[in-house]
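# here is a sequence together with a model predicted from it:
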Amino acid sequence: TGNAIEIQTNNVTIDLNGWKLGGLAAGAGTDTRGIYAWQRKNITIRNGTIRGFFYGILLNDTPPNTTSQSHLIEDIRADKNTYKGMHIAGRGNIVRRSQVVDTGGSTVFSNAWGIVLIGPGARALDNDISSTAATGAGSASGLFLGGADGAVAEGNRIDDVSSGIGFTYGMLILSSSDVLTRGNSITSADIGISYDNASGGSTGKYMDNLTSNV
């Protein structure tokens, strides 16, 4: 349990300099977080691998998700994390040029999510999200946007989103208005892109997305 790295102040940059932060030895029952922060501002995490945690990165907030803000995650490889590769909450956060691979398999929770962005003004740009696998009746999503009014998801490549008997999404947009999805490629999921109608519905526009086997 606990956090490998906990950020307890604002305006922090963690440059992994090509190194790995590893929690794989804890196994499928792990409840650890690789890098964690609560309601912080202006955090940058870049340039390395985060492997084998329950959450690879968890920068969290509470609704309406506007205390945490202005985080930047870039050039990160998050692999073999058992629940979520990245969960970034707050206002105006960016995840770009990152690779999220082999997410899922937790014995603590059956769902699996590659990249989760919660809060207004989120940006998911030019990421590769592969092999997001829920277990049993759990659901899975490569990219999830929640409460993300004005978000943009552009140039992401998502493939192989699977589950035992649960539903799977390449990209799931929930309770979000004016979300733009453009130029994303999605392969092998039940639904490619869903502007979900639960909790008041989601709105936005999409163009130039390409899907196969959805």
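Structure's in. What do you need?

# what's the burial count for residue 196?
Neighbour count of residue 196, defined by other Cβ atoms under 10 Å: 17. C-beta here means a position set from N, CA and C on the backbone, and glycine is covered the same way.

# give the closest residue to it in space, chain neighbours not counted.
residue 174 (4.8 Å; Cβ to Cβ, 6 or more residues apart in numbering).

# what about the one you found, how many residues nearby?
22.

# same check, this time on residue 101
Counted with other Cβ under 10 Å, residue 101 comes out at 18.

# bridged to the closest residue in space to it that isn't next to it in sequence, which residues?
Distances taken as Cβ to Cβ, 6+ apart put residue 79 closest to residue 101, at 4.2 Å, once the chain neighbours are dropped. Following DSSP bridges, residue 79 is listed with bridge partners residue 51, residue 101.

# in contact with residue 79, which residues are there?
49-51, 85, 99-102 (Cβ atoms under 8 Å, 6 or more residues apart in numbering).

# which one of these has the most neighbours?
Neighbour max across these (other Cβ under 10 Å) = residue 85, 34 neighbours.

# contact partners for the residue sitting nearest the centre point of the chain?
Against the mean C-alpha coordinate of the chain, by Cα atoms, centre = their mean, the closest residue is residue 115 at 1.2 Å. Residues near residue 115 by Cβ under 8 Å, 6+ apart: 85-86, 88, 95, 98, 100, 124, 127, 129, 142-144.

# in whichever strand or helix holds it, what counts as buried?
Per DSSP states H and E, residue 115 falls inside strand 112-118. For strand 112-118, a neighbour-count test (16 or more other Cβ atoms under 10 Å) marks 112-118 as buried.

# partners of the residue lying closest to residue 212 once chain neighbours are set aside in the sheet?
Nearest non-adjacent residue to residue 212, counting by Cβ to Cβ, 6+ apart: residue 187, 4.9 Å away. Judged by DSSP bridges, the bridge partners of residue 187 are residue 159, residue 212.

# what separation is there between the closest residue to residue 39 other than its chain neighbours and residue 38?
Once flanking residues are discounted, residue 39 sits nearest to residue 67: 4.5 Å by Cβ to Cβ, 6+ apart. Separation of residue 67 from residue 38 (Cβ to Cβ, to the nearest Å): 9 Å.

# got the buried residues of strand 112-118 as a markdown table, with pLDDT columns?
A markdown table is the format used below for the buried residues of strand 112-118 (pLDDT from 0 to 100):
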| residue | pLDDT |
| --- | --- |
| 112 | 98 |
| 113 | 98 |
| 114 | 98 |
| 115 | 98 |
| 116 | 98 |
| 117 | 98 |
| 118 | 98 |
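
# for those, which one is nearest residue 14?
Closest approach between the buried residues of strand 112-118 and residue 14, by Cβ to Cβ: residue 115, at 17.8 Å.
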